[in-house]
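Q: Need a 3D model of the following:
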Amino acid sequence: MTRSLTDLRNIGKAALADFAILNVTSVEDLATRDADTLYVALCQATNQRHDPCVHDVLTAAIHQARTGEALDWWHFTPARKTRQQEGCFPDYITVEK
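A: Sure, this is the predicted structure:
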């Protein structure tokens, strides 16, 4: 069983930095989170729209945290693209400060 965020298949330096911003501190914590909510929170915290592939990485990490099954992040890309086409993917527009 995975014990650390660094043990997750798709998690490198960038994702760890994102988790720090999002205050995700453990695999157990990550398992309780939602990728849409995390993606929007990351965009809000950094005031920038992140590449939608970041959402795929979050989804893959949450999936592994919940199930133990380690899938590559791009496994989740088709479902995200379908949601984008259907207009039900979370969108973030930066706000000028």
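Q: mind listing the helices for this protein?
A: For the chain, applying DSSP state H gives helices covering 13-22, 27-31, 35-46, 52-67, 77-86.
Q: what's the angle from the fourth one to helix 77-86?
A: Just to be clear, that refers to helix 52-67. 120 degrees (axes from the mean of the first three to the mean of the last three C-alpha atoms, to 10 degrees).
Q: and the angle for helix 52-67 with helix 35-46?
A: In terms of direction (the same axes, to 10 degrees), helix 52-67 departs from helix 35-46 by 130 degrees.
Q: Arrange the helices of the chain in CSV, one row each, with mean pLDDT as further columns.
A: Listed next are the helices of the chain as CSV, based on pLDDT from 0 to 100:
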stretch, mean pLDDT
helix 13-22, 98
helix 27-31, 97
helix 35-46, 96
helix 52-67, 97
helix 77-86, 96
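Q: got those as CSV, with distance to Thr6 columns?
A: Yep, even glycine has a C-beta here, placed from its N, CA and C like the rest. Shown next, in CSV, are these (distance: least, C-beta to C-beta, whole Å):
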stretch, distance to Thr6
helix 13-22, 7
helix 27-31, 10
helix 35-46, 18
helix 52-67, 11
helix 77-86, 23
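Q: Could you identify which of the ones you listed is most buried?
A: helix 52-67 (a mean of 21; mean count of other C-beta atoms under 10 Å).
Q: Next, the angle from that helix to helix 13-22.
A: Going by the same axes, to 10 degrees, helix 52-67 makes 80 degrees with helix 13-22.
Q: Would you mind listing the outside residues contacting helix 52-67?
A: By C-beta atoms under 8 Å, 6 or more residues apart in numbering, the surrounding residues in contact with helix 52-67 are 2, 5, 8-11, 15, 18, 27-28, 30-31, 33-36, 38-39, 42, 69-77, 80, 84, 89-90.
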